[in-house]
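Asks: Give me the fold of what follows.
(one chain, ligands or ions: 2)
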Amino acid sequence: MALERLSRGIFSSLGFLKSRRKINEQEMKDMIRSLRRALQEADFNVRQTKEITERLETRMREEEPRPGINLQTHALNILYTELVRLLGPSREPLPRQTTLLMVGLYGQGKTTTTAKLAEWFRRKHGVNVGVIEADVHRPGAYSQLNQLLENSSVEVYGEPENTNAVEIVRNGLDAHASADLVIIDTAGRHQLDEELVSELENISRLANASERILVIDAQVGQAAGPVAASFHNLAEITGIIVTKLDGTARGGGALSAVAATGSPIMYIGVGEKVTDLERFEGDRFISRLLGMGDIQGLIDLAPEDLDEEEAMRLTQRMMTGRFTLNDMYKQMEMMSKVGTIDKLLSFLPSGMLGGMGAMSKSQKQEMQKNLDKYRVIMDSMTSNEKNDPLQLKAERIRRVARGSGVREKDVRELIAQWNRSKKMMKGISGNRRMNKQFKKLMRDDSGDLNEFTM
Ligand SMILES: Nc1nc2c(ncn2[C@@H]2O[C@H](COP(=O)(O)OP(=O)(O)OP(=O)(O)O)[C@@H](O)[C@H]2O)c(=O)[nH]1
Ligand SMILES: [Mg+2]
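Replies: Numbers count the residues shown, from 1 in each chain. Ligands and ions are numbered 1, 2, ... in the order given. The predicted model follows:
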């Protein structure tokens, strides 16, 4: 799998930078050359490869690494931000007066994703969704779509006996005239052959869809760029959905699809069920694509004033399951120094901290608010109490609440949160993969970089 090689390629290109603060001209040249190869092998197109390596070189020449940060980490952080930038911001289709045309090659997940999107808009936006099955080539496409949506109120339009896709779309649009959102599933092929091209052109012209969405399997790799380019020529793609990201593929080829169409990735498919659809988040995608040291990233992201030793000590305590309210407090302080939780979370593997990385934006904002509140409450506690919050009985809880100007419920909530975090930390320390990664991190400079992937 080409993508699995990316992280290995990057780490071997940058490996020599570990424990270095300076490099010479020749080393820079060699590094860029080897990085270029790694990116190309991992499905990046020539233009992207050139752009990324040039930006890296420029920034490495212009930007001094922060004190205490070695050049490798510096370079990795630059690469990370450049890749996120390359992906661009994501967006969602509007939930009203919208027609989505789903296109893509054979077996990429169009029909499944049509059902997923229909359910997504019905559930999340409460709108009236209708779907049209316009695939007249795959036998059983209509019943497949019906089956996927059998427990949903989404209306499925299809004419399983009709072989004229354009006609079906015309009738379907009439049938769904009152729907807020209509999604049209089309036929796939191994290749974009002439028949499919003219059929798609006709459907596209008739439907005058507001969004033309390319569905692309995460495993396609190198082919993603050219495939996306040809569909773009045909139907002017406005958005991309990458499917099967629950598998082993990391989906780097999708970056070429972004480049070829100039359109954002909107969602990702993470399973076969109708609910297995997620909003696309570029930063998490890149972390996953690079498969690189998340804990390391978390620590290195902190500004100079963050005590690295303290961060290490904390992480170590987290990993051993010893975790007092004081530790949580420090962890929170650290978070606030790092800046937004968002940034911090993007560096955590999604299993860590109970899948906090998968929280929605509003959940994250909620958490940020809680942090401020918790901090005030903890200021009213003795350090003994912070070491063992379970000693706080009703009377003390009342006084702490009064002392910090919050409700008793808030104090109890803080204790409950600590209890949950503590349990999670225990879970993490019991997770062998995380533990292994952590031990490598602690070994510091002697560790073998190539093994640093998750
Ligand atoms: N694991 C996983 N499987 C998926 C995902 N999306 C689709 N699939 C599976 O991929 C296979 C093909 O999906 P379809 O939705 O039939 O693909 P299609 O593009 O409509 O295929 P054609 O109509 O034959 O061109 C099915 O077995 C799906 O269950 C995903 O996100 N994750
Ligand atoms: Mg299909």
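
Asks: Apart from its chain neighbours, what residue comes closest to residue 326?
Replies: residue 386 (4.5 Å; CB to CB, 6 or more residues apart in numbering). Heads up, the C-betas are built off the backbone N, CA and C, glycines and all.

Asks: next one: the helix or strand harbouring that neighbour to chain centre, how far?
Replies: Take DSSP states H and E as the rule and residue 386 turns out to sit in helix 383-387. Helix 383-387 has its C-alpha centroid displaced from the chain centroid by 37 Å (CA atoms, centre = their mean, to the nearest Å).

Asks: Just the residues contacting that helix, thanks.
Replies: For helix 383-387, contacts defined as CB atoms under 8 Å, 6 or more residues apart in numbering pick out 324, 325, 326, 329, 378, 391, 392, 396, 400.

Asks: For these, point out the one with the lowest pLDDT.
Replies: In terms of pLDDT, the lowest of the contacts of helix 383-387 is residue 329, showing 69.

Asks: Report the mean per-residue pLDDT for the helix holding residue 386.
Replies: Across helix 383-387, the average pLDDT comes to 86.

Asks: what's the neighbour count on the closest residue to residue 230 other than its chain neighbours?
Replies: Once flanking residues are discounted, residue 230 sits nearest to residue 192: 5.1 Å by CB to CB, 6+ apart. Using other CB atoms under 10 Å, residue 192 has 18 neighbouring residues.

Asks: Look up the pLDDT of residue 192 for me, please.
Replies: 72.

Asks: In terms of helix, strand or coil, where does it fall?
Replies: When classified by DSSP: H, G, I helix; E, B strand; the rest coil, residue 192 comes out as coil.

Asks: Neighbours of the residue nearest to residue 326, how many?
Replies: 17.

Asks: and if you look at residue 142?
Replies: Other residues near residue 142 come to 23 when the count uses other CB under 10 Å.

Asks: what about the helices in the stretch 201-350 of the chain?
Replies: Counting by DSSP state H, counting those that start in this stretch, the stretch 201-350 of the chain has helices at residues 224-235, 253-261, 282-290, 294-300, 308-320, 325-338, 341-345.

Asks: Would you single out the least confident of these?
Replies: Looking at the helices of the stretch 201-350 of the chain, the bottom one is helix 294-300 with a mean of 43.

Asks: any chance you could map the strands in the protein?
Replies: Here the chain has its strands, by DSSP state E, at 98-103, 129-133, 155-157, 181-185, 211-217, 239-243, 265-269, 277-279.

Asks: Residue 85: which of these is closest?
Replies: Checking the strands of the chain against residue 85 by CB to CB gives strand 265-269 as the closest, at 14.1 Å.

Asks: you'd agree residue 245 is up against residue 216?
Replies: No: shown here, residue 245 and residue 216 do not form a contact pair, counting by CB atoms under 8 Å, at 10.7 Å.

Asks: Pull up the overlap in contacts between those two.
Replies: Counting by CB under 8 Å, 6+ apart, nothing touches both residue 245 and residue 216.

Asks: Neighbour count for these two, which is higher?
Replies: Taking other CB under 10 Å, residue 245 and residue 216 do not tie; residue 216 has more neighbours (30 against 22).

Asks: Quick check: the gap between the closest residue to residue 143 other than its chain neighbours and residue 106.
Replies: In this structure, residue 143 finds its nearest non-sequential neighbour in residue 160, 7.4 Å apart by CB to CB, 6+ apart. Distance, residue 160 to residue 106, using CB to CB, to the nearest Å: 19 Å.

Asks: How about residue 83?
Replies: 29 Å.

Asks: For stretch 83-95, what is the distance to the chain centroid?
Replies: Here stretch 83-95 is found 11 Å from its chain centre; the criterion is CA atoms, centre = their mean.

Asks: Might you report the residue contacts of residue 379?
Replies: So residue 379 contacts residue 404 (CB under 8 Å, 6+ apart).

Asks: That one and residue 386: what is the separation?
Replies: As judged by CB to CB, residue 379 and residue 386 stand 10 Å apart.
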